[in-house]
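[1] Below is the structure, and that's it, no one-letter string:
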């Protein structure tokens, strides 16, 4: 990207209420973004399929069948009024009939932890879930590698992702802006945006890959230190699951922000790269009116 | 004014975004479960890639982690077949496996047949390892047995052999056409791995029937379905297609990955 310099400001006949159209997202950002969108969709839905094969999470190296080390259990039990779904988190049980444990209709109940509507395939098929999960897992990792390389070279990481002292100081102001739905559309990302994407790229994505690998007995032989790093095979599985929840949370907030900040402009920038900046944004060479 | 979100715009945009999410929760990807689907076949290549990468990354001799005795906090959870009902097995069991023989055949210089006593009299190895089921659970137990590698050397594996096929006594599935017997297979790297043992002991006891008596193979760098129970014959081959549905194992025939190291 061209550096902002006063000499490049173009005099255009645009009204002051319209900011310049800037080229904000490189082809690398846009392509990797959409590949990830597809990958995470399939990884999530096949991941829930895999989880359904044994819907419990534990802490440590092994699952406790004769001792207690589970933090989450989703199951079904019989009651006077028919089968009910039950979810137990840290010893606290909740009736989750219809959503978790038991779903479907009363005459055709489905006894899976997560309902078929959020798994691939919709029926119970661990083998297929694993095939699809690992296929997209490889693509996800390859895409992340390409993104890191491209974004390091083209300055995207330095410019938009790594939060600087200025960004940290700007957080309170940005929180207020977000709370009041006042969004600044500038050349670089805002403080909260930077922090969010930093967390995704430098924490959540590496964490979900590393914990996934820690579940592989083959990888355990190659890198036994990973078992110690994540506190055991079952803890790694638990962290993998929690990281998934955080990524789903990110996705929901991401979609809300796109809608709130102007979905047309945001989508255009992620498809064509061109982004309408806020009025008053200094123009540089290469901007469109 | 542009850039200001009216409530109507917000609701309209939310509805569009929301409908996309609902579309996701359908069964339009169920075709991926069809074993002969072209898209699935492409996706299955990821497992071949995983196998090749791990074989390059993990040294042939690299060991699976072994744990301390204090980590054995429960019995080894049995899974799959736990009480085989084939006449051959029930007859052997009745005699406390006195007439049991493990056979190594196929692409070998000489067929080898060993009784349970002969196996027990060979050098023993004990290892406390973690059993990872493909379903997601894990269990730590102590396995005692004799290494498979030296037995393969006794038989003299021919240079053209590529795989070991492990044939088992248990009828894991009963169909109208007859019983389907459990089998699985591995490459020779896993077969010769120092922790690959023909186990006859579990947690310092004789291996129980539920866990695969009299002999259960342990391939410690792979998932549970690569640890065949009720083993009776090891066949050296260069091609897996003549067995079962040709995928290299009972669970592999139903769609699980052959390598099983992930």
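    Right, received. Where do you want to start? Predicted model only: the values in this text are computed from it and were never measured. Numbering: from 1, shown residues only, chains lettered A, B, ... in the order given.

[2] Please enumerate the helices of chain B.
    B:7-24, B:38-57, B:87-94, B:116-120, B:148-155, B:188-192, B:250-253 (DSSP state H).

[3] can I get these in TSV with distance to residue A:274 and mean neighbour count?
    For glycine as for every other residue, the C-beta is placed from the backbone atoms N, C-alpha and C. What follows is the helices of chain B, written out as TSV (distance: least, CB to CB, whole Å; neighbours: other CB atoms under 10 Å in any protein chain shown):
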stretch	distance to residue A:274	mean neighbour count
helix B:7-24	20	12
helix B:38-57	34	15
helix B:87-94	71	14
helix B:116-120	72	16
helix B:148-155	63	18
helix B:188-192	53	19
helix B:250-253	50	23
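
[4] Save those as JSON lines, and put in distance to chain A and mean pLDDT too.
    Converted to JSON lines, these look like this (distance: least, CB to the nearest CB, whole Å; pLDDT from 0 to 100):
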{"stretch": "helix B:7-24", "distance to chain A": "4", "mean pLDDT": "55"}
{"stretch": "helix B:38-57", "distance to chain A": "4", "mean pLDDT": "96"}
{"stretch": "helix B:87-94", "distance to chain A": "26", "mean pLDDT": "97"}
{"stretch": "helix B:116-120", "distance to chain A": "25", "mean pLDDT": "98"}
{"stretch": "helix B:148-155", "distance to chain A": "17", "mean pLDDT": "98"}
{"stretch": "helix B:188-192", "distance to chain A": "10", "mean pLDDT": "98"}
{"stretch": "helix B:250-253", "distance to chain A": "8", "mean pLDDT": "97"}
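
[5] right, and those - which one's nearest residue B:215?
    Taking CB to CB, helix B:116-120 is the member of these nearest to residue B:215, at 7.0 Å.

[6] which one of the helices of chain B lies closest to residue B:206?
    Across these, closest to residue B:206 is helix B:116-120 (CB to CB), at 10.0 Å.

[7] how distant is that closest one from the center of its chain?
    Helix B:116-120 sits 24 Å away from the centroid of its parent chain (CA atoms, centre = their mean, to the nearest Å).

[8] Show me which positions of stretch A:58-74 end up buried.
    By neighbour count on 16 or more other CB atoms under 10 Å in any protein chain shown, the buried set for stretch A:58-74 is A:58, A:60-65, A:69-74.

[9] Show only the entries of the residues you listed found in strands.
    Counting by DSSP state E, the part of those found in strands is A:58, A:70-74.

[10] and the strand ranked longest in chain B, what does it pack onto?
    Ranked by residue count under DSSP E, the longest strand found in chain B is strand B:163-175. Applying 3 or more CB pairs under 8 Å, 6 or more residues apart in numbering or on different chains; DSSP states H and E, one finds that strand B:163-175 contacts helix B:87-94, strand B:178-187, helix B:188-192, strand B:231-237.

[11] can you list those in TSV and add distance to residue A:233?
    Listed next are the helices and strands packed on strand B:163-175 as TSV, based on distance: least, CB to CB, whole Å:
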stretch	distance to residue A:233
helix B:87-94	32
strand B:178-187	21
helix B:188-192	19
strand B:231-237	26
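
[12] between these, which gets nearest to residue A:102?
    Nearest of the helices and strands packed on strand B:163-175 (CB to CB): strand B:178-187, 31.3 Å.

[13] Okay, now the sheet partners of the closest one, with direction.
    Applying DSSP bridges, strand B:178-187 is found paired with strand B:163-175 (antiparallel).

[14] quick one: the strand it pairs with to chain centroid distance?
    Distance of strand B:163-175 from the chain centroid (CA atoms, centre = their mean) equals 11 Å.

[15] thinking again about what came up before, for the helices of chain B, which one sits closest to residue A:139?
    Of all the helices of chain B, helix B:38-57 sits nearest to residue A:139, with 8.4 Å by CB to CB.

[16] Pull the residues that contact the closest one.
    Here helix B:38-57 makes contact (CB atoms under 8 Å, 6 or more residues apart in numbering or on different chains) with A:128, A:131-132, A:134-135, A:137-138, A:216, A:218-219, A:222, B:31-34, B:189, B:257-259, B:261-262.

[17] re the thing from before, can you narrow the buried residues of stretch A:58-74 to ones near chain B?
    Among the buried residues of stretch A:58-74, proximity to chain B is found for A:58, A:61-65 (CB under 8 Å from any CB of the partner chain).

[18] can you pull the contacts of residue A:99?
    A:85, A:115.

[19] Where does it sit: helix, strand or coil?
    At residue A:99 the chain is in coil, as set by DSSP: H, G, I helix; E, B strand; the rest coil.

[20] gap between it and chain B?
    Distance of residue A:99 to chain B, computed by CB to the nearest CB, to the nearest Å: 12 Å.

[21] quick revisit: in PyMOL, select just the buried ones from the contacts of helix B:38-57.
    Those of the contacts of helix B:38-57 that count as buried under 16+ other CB under 10 Å are selected in PyMOL with:
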select buried, (chain A and resi 128+131+132+134+135+137+138+216+218+219+222) or (chain B and resi 32+33+257+258+259+261+262)
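
[22] Any idea which residue of the stretch 51-200 of chain A lies closest to chain B?
    Residue nearest to chain B within the stretch 51-200 of chain A: residue A:127 (3.1 Å; CB to the nearest CB).

[23] what about the chain, any weak spots by pLDDT?
    All of this is about chain A. Residues of chain A that meet the criterion pLDDT under 70 lie in A:1-16.

[24] Wait, chain B was what I had in mind.
    B:1-26.

[25] Now stretch B:131-138: buried residues?
    Residues of stretch B:131-138 classed as buried by neighbour count (16+ other CB under 10 Å): B:131-138.

[26] What are the contacting residues of it?
    A:50-51, A:53-54, A:56, A:58, A:61-63, A:65, A:126, A:130, A:215, A:217, A:233-234, A:237, B:76-77, B:79, B:130, B:139-141, B:223-225, B:227, B:251, B:256, B:260.

[27] looking at the helices of chain B, which is closest to residue A:85?
    Closest of the helices of chain B to residue A:85 is helix B:7-24, at 21.3 Å (criterion: CB to CB).

[28] Next one: residue B:257 from chain A, what distance?
    Using CB to the nearest CB, one gets 6 Å for the distance from residue B:257 to chain A.

[29] my guess is that residue meets residue A:133, correct?
    No. In this structure, residue B:257 is not within contact of residue A:133 by CB atoms under 8 Å, at 10.7 Å.

[30] Which parts of the stretch 51-200 of chain A are helices?
    Counting by DSSP state H, counting those that start in this stretch, the stretch 51-200 of chain A has these helices, from start to end: A:126-153, A:156, A:165-169, A:171-179, A:191-198.

[31] Please identify the most buried of the ones you listed.
    helix A:156 (a mean of 22; mean count of other CB atoms under 10 Å in any protein chain shown).

[32] before we move on, back to that, which of the ones in strands among the buried residues of stretch A:58-74 sits closest to residue A:183?
    For these, the closest approach to residue A:183 (CB to CB) belongs to residue A:72, at 36.8 Å.

[33] quick revisit: would you indicate which residues of the longest strand of chain B are buried?
    For strand B:163-175, by 16+ other CB under 10 Å, it's B:163-172.

[34] Please identify which pair of these lies farthest apart.
    Spatially, the most separated pair among the buried residues of strand B:163-175 is B:163 and B:171, at 23.2 Å (CB to CB).

[35] what separates the residue most central in space within chain B from residue B:252, distance-wise?
    With distances taken as CA atoms, centre = their mean, residue B:226 lies nearest the centre of chain B, 1.5 Å away. Distance, residue B:226 to residue B:252, using CB to CB, to the nearest Å: 9 Å.

[36] thinking again about what came up before, let's see which of the contacts of stretch B:131-138 end up in strands.
    Those of those mapping onto strands are A:56, A:58, B:130, B:139-141, per DSSP E.

[37] Any residue of stretch A:243-262 touching chain B?
    Yes. Residues of stretch A:243-262 are located near chain B by CB under 8 Å from any CB, namely A:255, A:258-260, A:262.

[38] of those, closest to chain B?
    Nearest member of those to chain B, counting by CB to the nearest CB, is residue A:259, at 4.3 Å.

[39] Any buried residues in the helix or strand hosting that closest one, and which?
    Assigned by DSSP states H and E, residue A:259 belongs to helix A:233-261. By neighbour count on 16+ other CB under 10 Å, the buried set for helix A:233-261 is A:233-244, A:247, A:250-251, A:254-255, A:257-261.
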